[in-house]
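1. After the sequence you'll find the predicted model.
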Amino acid sequence: MSTEPARTEAIRLELLKVRERYAEHNPRSQLAHKEAIAYFPGGSTRSVLRNLPFPLTLAGGQGSKVWDIDGHEYFDCLGDYSAALLGHSNSQVAEIVSSTLAGGVSLGGRNTIETSLAKSLRSRFDSMELMRFTSSGTEANIIAIAATRAFANRSKVLVFSGAFHGALLNFSGESEALNVPFSFIRSIYNDVPQLERTITKHSRDLAAVIIEPMLNSAGCIVARTDFLEEVRRLTAQFEIPLIFDEVVTSRLYFGGLQRKMGIRPEITTLGKYLGGGLNFGAVGGRAEIMSRFDMDGPDALVHSGTFNNNVLTMAAAREVLNIYGEKEAVALNNHGDCLRETLNGIALKTDSSLSFTGVGSMMQAHMRKGTIERPYSMQLNELLLREIFYLFMLEMGVWIGRRGLITLSLPIITDRTGVLVDAVEAFISTYRSFLRG
């Protein structure tokens with residue numbers, strides 16, 4: 001047997017052992033999964049939670065900690081995939097939601113909170129001249145695309161391979177059968193020549209270009225500044241509306257990555273953390289485009305939604321903005337940058353095939369060396385090691401995403417991220433032979 005197949009087999013056997021330990025340590029989660037299979041396809045109503053041999057069932061959370069039904073406590077370095085920015089059970093949001101609940105919900109009319117929330121959002125994201133609220137980031141992105149198609153009177157939309165703009169706008173390489181049936185044209189992230197060719201070729205048909213300034217699901221891959229500047233230049237040249245999907249990345253800088261990178265899009269979408277744990281989405285942008293939603297105007301776009309101005313979400317979102325100000329955004333994201341630098345330094349010092357990409361308070365582990373600028377297909381060893389990494393982190397009491405995603409929350413600033421650093425060092429030490437080369 002040659003060296004590489006032998007190494008792959010050794011990694012595979014180790015993964016089986018780690019899975020066995022996982023199953024032994026989490027019998028109640030295993031039973032919960034078996035029960036759930038009778039009601040949910042695959043035992044879950046959220047695809048990202050899939051895990052072999054079964055996912056953990058969480059019982060609760062407080063601050064930067066979560067615990068499962070088997071009694072294990074974890075240092076939460078996932079933050080519900082970026083949604084739990086404030087940590088768990090934030091007392092200020094809980095108090096606001098409770099007092100709002102006492103005043104009545106599902107009122108069926110305008111409420112006293114939505115305008116002040118819109119004012120706060122526009123003060124932070126000044127590209128959102130006019131806006132609409134939605135029930136999710138997915139809905140916000142669908143509305144953004146539909147609005148630009150109507151505005152531009154064109155049909156096609158440029159997307160980037162590896163992007164994820166919601167469950168119905170998934171270009172990550174997984175099944176796309178659920179995607180809304182718009183006409184999509186693809187380009188390659190961080191590839192300026194390909195971008196120029198694609199936009200120039202299809203400029204007359206493009207209603208919009210939609211982009212994440214950091215590809216989240218593809219591995220926290222950050223757009224180069226020159227690439228985003230070229231996206232902006234070309235879309236302006238051909239009068240193509242630019243949509244910035246900042247559902248995730250708006251937390252990475254005060255005013256989002258659009259402000260940090262100096263790019264002003266026609267449309268911005270928001271969601272995730274802004275609901276303070278409740279469902280929330282927003283789409284906003286240039287008044288000329290967004291005014292099409294004015295029901296008193298000609299050819300008005302109808303955007304109804306029972307929960308568009310849900311008072312609980314409106315109140316929670318306004319409180320999130322009060323809590324997460326510029327000072328807090330700077331502190332949290334500087335903390336994340338320092339942590340990522342530390343983790344990459346450890347990997348470099350030990351000559352390990354491990355690296356961490358991202359910006360600010362979000363990052364992802366990759367089982368390879370070198371600069372990562374675009375999505376890639378993982379080799380078998382990378383897939384196996386990524387799962388070992390996830391299960392090993394759980395053994396060390398650290399809660400991360402199965403794909404290696406790490407998302408920091410505000411309580412982490414005052415808690416010890418050294419727990420995560422120690423866990424990564426232990427992983428490298430334990431699996432040094434697998435991480436060489």
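-> Sure thing, it's come through. These numbers were taken from a predicted model, which means no experiment stands behind them.

2. Report the buried residues of stretch 131-143.
-> For stretch 131-143, the neighbour count (16 or more other Cβ atoms under 10 Å) marks 131-143 as buried. For the C-beta atoms, the positions are set from N, CA and C on the backbone; glycine is no exception.

3. how about R186, what does it touch?
-> R186 makes contacts with L158, V159, F160, S161, F171, T198, as judged by Cβ atoms under 8 Å, 6 or more residues apart in numbering.

4. any idea how far M362 is from D337?
-> 11 Å (Cβ to Cβ, to the nearest Å).

5. let me redo that: K327
-> 19 Å.

6. And the two? Which one has more around it.
-> Comparing K327 with M362 by other Cβ atoms under 10 Å, the one with more neighbours is M362, at 25 against 9.

7. Test my guess that that one contacts M214.
-> Yes: M362 lies in contact with M214 (Cβ atoms under 8 Å); the separation is 7.3 Å.

8. Now for the two: what residues contact both?
-> By Cβ under 8 Å, 6+ apart, the residues touching both M362 and M214 are C220, V248, T249, L252.

9. ok, these vs S377, which is closest?
-> Proximity of the shared contacts of M362 and M214 to S377 was ranked by Cβ to Cβ; the top entry is C220 with 17.2 Å.

10. Give me the pLDDT value at the closest one.
-> Listed pLDDT for C220 reads 98.

11. and what of S106?
-> In this prediction S106 is given a pLDDT of 87.

12. go on, T414?
-> 67.

13. Would you quantify the distance from H303 to E326?
-> As judged by Cβ to Cβ, H303 and E326 stand 31 Å apart.

14. if you count what's nearby, which of those two comes out ahead?
-> Higher neighbour count among H303 and E326: H303, with 17 against 11, using other Cβ under 10 Å.

15. OK, contacts around that one?
-> By Cβ under 8 Å, 6+ apart, the neighbours of H303 are R132, I143, F293.

16. for I211, phi and psi?
-> With angles defined as degrees, to the nearest 10, I211 sits at phi -150, psi 140.

17. Next, count neighbours for it.
-> With other Cβ under 10 Å as criterion, I211 counts 26.

18. Quick check: bridge partners of it?
-> F244 (DSSP bridges).

19. quick one: it and Y39, what's the gap?
-> 38 Å.

20. Next: I142.
-> 28 Å.

21. element containing the nearest residue to H202 once chain neighbours are set aside?
-> With Cβ to Cβ, 6 or more residues apart in numbering as the criterion, H202 has its nearest non-adjacent residue at 5.5 Å, and that residue is I185. Using DSSP states H and E, I185 maps to strand 183-187.

22. Equivalent analysis for A315, please.
-> helix 311-323.

23. What lies in contact with that helix?
-> 85-86, 90, 92-93, 96-97, 100-101, 103-105, 107, 111, 113-114, 116-117, 120-121, 124, 133, 273-280, 307, 410.

24. Apart from its neighbours in sequence, what residue is nearest V330?
-> The shortest distance from V330 to any residue other than its chain neighbours is 6.9 Å, reached at F254 (Cβ to Cβ, 6+ apart).

25. who touches the one you found in this structure?
-> R124, G325, E326, A329, V330.

26. Reformat those residues as CSV; add secondary structure.
-> As requested, those are arranged in CSV below (DSSP: H, G, I helix; E, B strand; the rest coil):
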residue, secondary structure
R124, helix
G325, coil
E326, helix
A329, helix
V330, helix
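
27. From the residues you listed, list just the buried residues.
-> Buried residues within those, counting neighbours by 16+ other Cβ under 10 Å: R124, A329.

28. Mind giving me the packing neighbours of the helix or strand containing T268?
-> Applying DSSP H and E as the criterion places T268 in strand 267-271. Contacts defined by 3 or more Cβ pairs under 8 Å, 6 or more residues apart in numbering; DSSP states H and E place strand 267-271 against helix 137-152, strand 242-245, strand 281-285.

29. and the ones you listed, which is most packed in?
-> strand 242-245 (a mean of 29; mean count of other Cβ atoms under 10 Å).

30. what does that strand rub up against?
-> Strand 242-245 is contacted from outside by 127, 137, 141, 144-145, 148, 163, 165, 208-213, 231-232, 235-236, 256-258, 263, 265-269, 285, using Cβ under 8 Å, 6+ apart.

31. Could you rerun that using 7 Å?
-> The contact list for strand 242-245 (Cβ atoms under 7 Å, 6 or more residues apart in numbering) reads 141, 144, 148, 165, 208-213, 231-232, 235, 258, 265-269.

32. from the chain's centre, how far out does it sit?
-> 15 Å (Cα atoms, centre = their mean, to the nearest Å).

33. average pLDDT for the following helix or strand past that strand?
-> For strand 242-245, the following helix or strand on the C-terminal side (DSSP H and E) is helix 256-261. Average pLDDT, helix 256-261: 97.

34. all strands for the stretch 301-437 of the chain, in order.
-> With strands called from DSSP state E, counting those that start in this stretch, the stretch 301-437 of the chain shows them at 355-359, 362-366, 398-399, 405-407.

35. for the shortest one, packing partners?
-> I take that to be strand 398-399. With contacts taken as 3 or more Cβ pairs under 7 Å, 6 or more residues apart in numbering; DSSP states H and E, strand 398-399 sits against strand 73-76, helix 418-430.

36. cool, and the last one?
-> When contacts are defined as 3+ Cβ pairs under 7 Å, 6+ apart, strand 405-407 sits against strand 362-366.

37. Go through the strand it packs on and flag the buried ones.
-> M362, M363, Q364, A365, H366.

38. Which one of those residues is nearest to S355?
-> When the buried residues of strand 362-366 are ranked by distance to S355 (Cβ to Cβ), H366 comes first, at 5.1 Å.

39. Skipping its backbone neighbours, what lies nearest that closest one in space?
-> Nearest non-adjacent residue to H366, counting by Cβ to Cβ, 6+ apart: S355, 5.1 Å away.

40. residues in contact with stretch 429-437?
-> Residues contacting stretch 429-437 (Cβ under 7 Å, 6+ apart): I11, D351, S352, S353, L354, L385, I388, I428.

41. Tell me who's in contact with the residue most central in space within the chain.
-> In the chain, the centroid-proximal residue (Cα atoms, centre = their mean) is V248; its distance is 4.5 Å. Listed by Cβ under 7 Å, 6+ apart, the contact partners of V248 are S82, N216, K272.

42. just T417 next, same as before
-> Residues in contact with T417 (Cβ under 7 Å, 6+ apart) are L339.

43. Give me the distance between it and R12.
-> 32 Å.

44. just L348 next, same as before
-> Using Cβ to Cβ, we find L348 at a distance of 27 Å from R12.

45. Noted, bye for now.
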